[in-house]
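Undergrad: A predicted structure for the sequence below; I have some questions about it.
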Amino acid sequence: MSNVNNAEMFVIGHDHFNKSLTLDIENKMMLYMTSVPQVKKINNRRENQQDEYYTADEMDGIFSKAWLNLQKYDEDLFPVQSIIEDSAIFKASPFHQLTSQQESAREDIIDHVIDALNENKVGQLILVEGEAGSGKTVLLSTLFYQLSQLKSNVVSPEIDNLNNYLIVNHDEQLKVYEDIAKKLGMMKNNKQTVLKPTRFINKHSVDNKADVVLIDEAHLLWTQGKQAYRGKNQLEDVMDRAKIVIAVFDPKQILKTEGYMDSKSIQRLRRKAKNQGNLIQLTNQMRMNANEDTIQWIRNIVDNRMINKVPEDAKYDLKIFDDAKEMYDQIKIKSRDGSDGLSRMVATFDWEFKGNRSPEEGSYWMVDAGDISLPWNLQLPVVKLPGRKVTELPWAEQPQTINEIGSTYTIQGFDLNYCGLIIGPSVKYRNGQIIFDPGESYNEHATRNRTMDDGKKITVYDKLLPNELNVLMTRGVNGLYIYAVDNQLREALENAAK
């Protein structure tokens with residue numbers, strides 16, 4: 001502060017504070033400040049997560065009171081809490097309190113990394129498996145940050161700074177991790193530590209391996225050559241260029257033929273990690289504030305292709321609509337109400353969209369369902385926000401996107417408080433069972449043939465289209481609204497809700 005003429009200091013204190021409560025508030029302050037757009041860098045980045053202590057149940061209330069008082073001094077630096085909590089960078093922050101399952105996984109992974117580095121092991125794969133909403137991203141973000149803080153004396157004397165990277169093959173997630181890395185000083189000397197897989201592979205050789213590479217959404221990596229990538233398997237190529245790979249993986253979120261893995265390939269991946277003692281599975285559902293019956297209702301649709309009676313759930317708002325416009329109106333109301341947070345519309349990829357050109361008729365590629373007609377994502381003019389570069393925000397956080405329809409390309413890996421889902425005509429209900437019709441889908445990445453290693457061409461849409469539905473049905477934190485285009489599917493859902 002002595003080097004800045006106009007620096008200000010805010011001191012938060014009270015006689016009621018014990019050491020644990022003080023450190024917990026400090027940690028939560030870092031969590032929130034990392035997510036404030038006006039904050040470019042966090043200087044004190046030491047983590048202070050506390051275990052149980054006798055005033056722990058008072059911490060959230062005390063923090064909120066302190067934050068409200070700070071707002072009186074500067075509303076830009078200390079915005080409304082709900083605005084921060086809706087942001088993707090907040091949800092992916094490494095300063096979250098981990099659950100016991102996440103903490104156990106974190107300890108195991110850090111121990112395995114230190115052991116492997118001390119013993120100069122290479123070819124190490126730590127595979128973290130978990131379904132959508134199981135807390136994989138927060139765990140990976142925490143590991144990325146903590147591994148960047150490992151001191152040489154913890155590992156081995158000859159290692160001054162670990163050469164670590166985080167890889168994600170998703171443009172929207174890439175923005176979030178880049179923002180975190182910048183704010184937490186993890187891009188020293190302008191070194192790019194957050195990369196897409198092809199760029200990492202092209203920039204690194206097998207003879208000069210990175211120390212640790214973390215991969216979020218490893219199920220989005222390619223298993224065949226494409227465009228600038230001339231290899232055959234991105235995960236294997238990354239593993240060849242790193243001593244240790246920590247990969248977050250969910251086979252039920254593989255969406256494209258170029259990323260398709262058959263059951264033998266998935267089992268081979270699991271076996272490699274398990275043989276090294278590095279297979280970790282997260283089983284707790286952390287995204288959806290829903291009871292087990294609601295979670296199982298969704299799983300039955302996706303996994304078993306059955307529609308059971310919609311369960312009663314006081315915590316989760318699961319609604320079936322026979323009018324798409326009414327559903328959209330409800331989502332707009334939820335979006336306007338600050339207490340309900342970020343809410344958006346999404347759909348299966350069953351309407352044409354060509355991002356590199358305009359349609360022959362009209363200005364935008366549209367989703368027409370029931371009585372609504374809305375443009376696909378990433379088309380409307382960007383609405384400016386004061387002090388923000390809106391294009392750097394994830395799709396759902398950009399204000400104009402309340403008038404668009406999102407897809408797996410923009411929403412995978414992110415949360416919505418309320419999700420309005422249009423299930424398009426590729427998903428049908430016939431003879432008491434859900435079926436998937438590739439002829440009704442515009443998702444060419446899921447419906448075209450996949451060429452296997454032996455040269456045989458196969459169709460895999462019956463695995464990839466259900467995965468698309470799985471991703472979309474698991475975005476809502478507090479509610480999921482559904483409208484189905486197929487008449488028989490809509491009728492079956494309505495009957496299940498009676």
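TA: Noted; the coordinates are in hand.

Undergrad: residues contacting the nearest residue to M473 once chain neighbours are set aside?
TA: Of all residues not flanking M473 in the chain, I298 sits nearest, at 5.2 Å (CB to CB, 6 or more residues apart in numbering). (C-beta placed from N, C-alpha, C; glycine too.) Residues in contact with I298 (CB atoms under 8 Å, 6 or more residues apart in numbering) are M473, T474, L480.

Undergrad: so which bits of the one helix or strand I298 maps to are buried?
TA: Using DSSP states H and E, I298 sits in helix 292-299. Residues of helix 292-299 classed as buried: T294, I295, W297, I298, R299 (neighbour count, 16 or more other CB atoms under 10 Å).

Undergrad: residues touching the closest residue to the second one other than its chain neighbours, list them.
TA: Spatial nearest neighbour of I295, chain neighbours left out: Q285 (5.6 Å); criterion: CB to CB, 6+ apart. Residues counted as contacts of Q285 (CB under 8 Å, 6+ apart) are E131, G133, S134, I295.

Undergrad: and for L269?
TA: L125, L127, L235, F249, M261.

Undergrad: list the contacts of the last one.
TA: When contacts are counted by CB under 8 Å, 6+ apart, M261 touches T223, P251, I254, L269.

Undergrad: which ones among the residues you listed map onto strands?
TA: Among those, no member is found in strands (DSSP state E).

Undergrad: which parts of the stretch 151-300 of the chain are helices?
TA: 171-183, 197-203, 234-240, 263-275, 292-299 (DSSP state H, counting those that start in this stretch).

Undergrad: redo the ones you listed as JSON lines? Include distance to N161.
TA: Shown next, in JSON lines, are the helices of the stretch 151-300 of the chain (distance: least, CB to CB, whole Å):
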{"stretch": "helix 171-183", "distance to N161": "15"}
{"stretch": "helix 197-203", "distance to N161": "18"}
{"stretch": "helix 234-240", "distance to N161": "20"}
{"stretch": "helix 263-275", "distance to N161": "27"}
{"stretch": "helix 292-299", "distance to N161": "42"}
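
Undergrad: now render the ones you listed as JSON lines, adding distance to M452 and mean pLDDT.
TA: Conversion of the helices of the stretch 151-300 of the chain to JSON lines gives the following (distance: least, CB to CB, whole Å; pLDDT from 0 to 100):
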{"stretch": "helix 171-183", "distance to M452": "28", "mean pLDDT": "93"}
{"stretch": "helix 197-203", "distance to M452": "21", "mean pLDDT": "96"}
{"stretch": "helix 234-240", "distance to M452": "16", "mean pLDDT": "98"}
{"stretch": "helix 263-275", "distance to M452": "10", "mean pLDDT": "97"}
{"stretch": "helix 292-299", "distance to M452": "29", "mean pLDDT": "97"}
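
Undergrad: out of those helices, nearest to L380?
TA: helix 171-183 (16.3 Å; CB to CB).

Undergrad: now the phi/psi pair for D462, please.
TA: phi -70, psi -10 (degrees, to the nearest 10).

Undergrad: surely it touches F436?
TA: Yes - at 6.1 Å, D462 counts as touching F436 under the criterion of CB atoms under 8 Å.

Undergrad: ok, those two, which is more surrounded?
TA: Applying other CB atoms under 10 Å to D462 and F436 shows that F436 carries more neighbours, namely 21 against 11.

Undergrad: looks like that one contacts P466 (just checking).
TA: Yes - here F436 reaches P466: they are 6.4 Å apart, a contact under CB under 8 Å.

Undergrad: domains of this structure?
TA: 19-85, 100-282, 292-497 (automatic domain parsing).

Undergrad: endpoints of the shortest one, how far apart?
TA: Right, domain 19-85. Distance across domain 19-85, first residue to last, is 26 Å (CA to CA, to the nearest Å).

Undergrad: any weak-confidence spans in the protein?
TA: Along the chain, segments meeting pLDDT under 70 span 1-4, 44-53, 151-160, 189, 338-340.

Undergrad: repeat that with 80
TA: For the chain, the stretches flagged by pLDDT under 80 are 1-7, 15-16, 43-56, 150-161, 188-190, 337-341, 387-388.
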